[in-house]
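Novice: Here is the input, now give the coordinates:
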Amino acid sequence: MSWNTKNIPEQHGRIAVVTGGNGGLGLETARALAASGAHVIIAARNPKKAAAAVEDITTSAPDASLEVVALDLGSQASVKGAAEVMLAAHPRIDLLINNAGVMAIAEGRTVDGFEEQFGVDHLGHWTFTALLLPAMVDTEGARIVTVTSTAHLMGRSVDPKNPNLDGRYGPWRAYGQAKLANYHFGLGLDRELRRKGAKAASLIAHPGLSNTDLQRASVSGSNGGRTQRIAEFMSHHTGMTAANGALSQLRAATDLGANGGEFYGPLFVNNGPPVRKPILRRLDMDAAISRLWRVSTELTDIPID
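Specialist: You can find the predicted model right below:
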């Protein structure tokens, strides 16, 4: 039997944070969690889109409990400010869905000088997660779900000597590095949580090929390369809906049978119902995770503690 939103357990009394919850996969994740009773914090950069998301969700779920917090993952100051606001209002957080990201865009830098895809997709979530962990580590059943992509398979682990790919930038090379960082972060975080005896768990998920704004933004915001145009064409004509694409991260976040360190994605690689996927361990994965930890701590000056 395929897993879907009807399988989400009762979420009343739980606090869920969804980055990028104002559109695409994040909006569908926020919608499903709110419909199941969770108080959902939409952490998003665009206030107009966030307000529209709240209106959209409450149209179908009038009793939805929603909150919006401004978050720009490309700014470490914004990330710190958002985490401070959330912790002041919510001493306990049950779910953190690290969903937001950019894909295969033209070369750029965050306000802190990081390569934009690595800075937004990974370093922003690194700092955000680190700062929210005090509200999660002692929360029974708490989960952090980090969204990666099948693009992690083409990615190379971060080079401590050149994490920003200076002189080596390519839209898909940078995206692969960022998504592999998400993959390694989710697995490494669960290893650390287990080591410390925390009650929280970390899982990873990927949405497969989903028809969202991410592909269209990639085409319009990059050099419009052939690979980007093919990705947009495929997502539009063969991709899953955003609602179906979000099921993998929803299952990782809520399935009572899911455990820390697991990976969820579509059954048929990029399409199909959400299932547990195997963890493909490269020979140097443990070393790559350790390098990522070291580089992320040095660049952000924020340790995972």
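
Novice: For the stretch 151-300 of the chain, just list every one of the helices.
Specialist: 171-195, 213-220, 226-238, 242-245, 247-254, 285-300 (DSSP state H, counting those that start in this stretch).

Novice: list the helices and strands the fourth one packs on?
Specialist: So the one you mean is helix 242-245. helix 24-35 (3 or more CB pairs under 8 Å, 6 or more residues apart in numbering; DSSP states H and E). All C-beta spots, glycine's among them, are computed from the backbone N, C-alpha and C.

Novice: Quick one: mean pLDDT for the helix it packs on?
Specialist: For helix 24-35, the mean per-residue pLDDT is 98.

Novice: and the helix or strand following it, which strands flank it?
Specialist: Next helix or strand after helix 24-35 toward the C-terminus (DSSP states H and E): strand 39-44. Strand 39-44 pairs in its sheet with strand 15-19 (parallel), strand 65-70 (parallel), by DSSP bridges.

Novice: Which of those strands sits closest to Lys161?
Specialist: For the strands paired with strand 39-44, proximity to Lys161 was assessed by CB to CB; strand 15-19 is nearest, at 29.1 Å.

Novice: outside of that closest one, which residues touch it?
Specialist: Contacts of strand 15-19 from elsewhere in the structure, counted by CB atoms under 8 Å, 6 or more residues apart in numbering, are 26, 29-30, 33, 38-44, 71, 73, 86, 90, 92-100, 125, 128, 132, 253.

Novice: switch the cut-off to 6 Å
Specialist: 26, 29-30, 33, 38-41, 43, 90, 93-100 (CB atoms under 6 Å, 6 or more residues apart in numbering).

Novice: now swap in stretch 93-102 and tell me
Specialist: Residues contacting stretch 93-102 (CB under 6 Å, 6+ apart): 14-20, 25-26, 29, 73, 117, 120-121, 125, 132, 135-136, 139, 142-147, 249, 253.

Novice: Could you do stretch 127-135 as well?
Specialist: Applying CB under 6 Å, 6+ apart, the set of residues contacting stretch 127-135 is 76, 79, 83, 87, 91-93, 96, 300, 302, 304.

Novice: which parts of that stretch are buried?
Specialist: The neighbour-count check on stretch 127-135 (16 or more other CB atoms under 10 Å) flags 127-133, 135 as buried.

Novice: Next step: those restricted to helices.
Specialist: Among the buried residues of stretch 127-135, the members falling in helices (DSSP state H) are 127-132.

Novice: Thr19 pairs with what?
Specialist: Beta-bridge partners, per DSSP bridges, of Thr19: Ala43.

Novice: Ser149 versus that one, what's the distance?
Specialist: Per CB to CB, to the nearest Å, Thr19 is found 15 Å from Ser149.

Novice: quick one: which of those two has more around it?
Specialist: Thr19 (29 against 26; other CB atoms under 10 Å).

Novice: Model confidence for the more buried one, exactly?
Specialist: The model's pLDDT for Thr19 equals 98.

Novice: mind checking how far it is from Gly197?
Specialist: For Thr19 relative to Gly197 (CB to CB), the value is 27 Å.

Novice: cool, and Gly170?
Specialist: For Gly170 relative to Gly197 (CB to CB), the value is 42 Å.

Novice: ok, now Thr300?
Specialist: In terms of CB to CB, Thr300 sits 25 Å off from Gly197.

Novice: who has more neighbours, these two?
Specialist: A direct count of neighbours by other CB under 10 Å for Thr300 and Gly197 places Thr300 higher, at 19 against 7.

Novice: Could you report the neighbour count for Trp35?
Specialist: Slight slip there: residue 35 is Ala, not Trp. When neighbours are counted by other CB under 10 Å, Ala35 comes out with 17.

Novice: Hmm, I typed the wrong one, I wanted Arg92.
Specialist: 14.

Novice: The one 3 residues further on too?
Specialist: Close neighbours of Leu95, defined as other CB under 10 Å, add up to 27.

Novice: partner residues bridging it?
Specialist: Ala16, Arg143.

Novice: Just the pLDDT for it.
Specialist: pLDDT, Leu95: 99.
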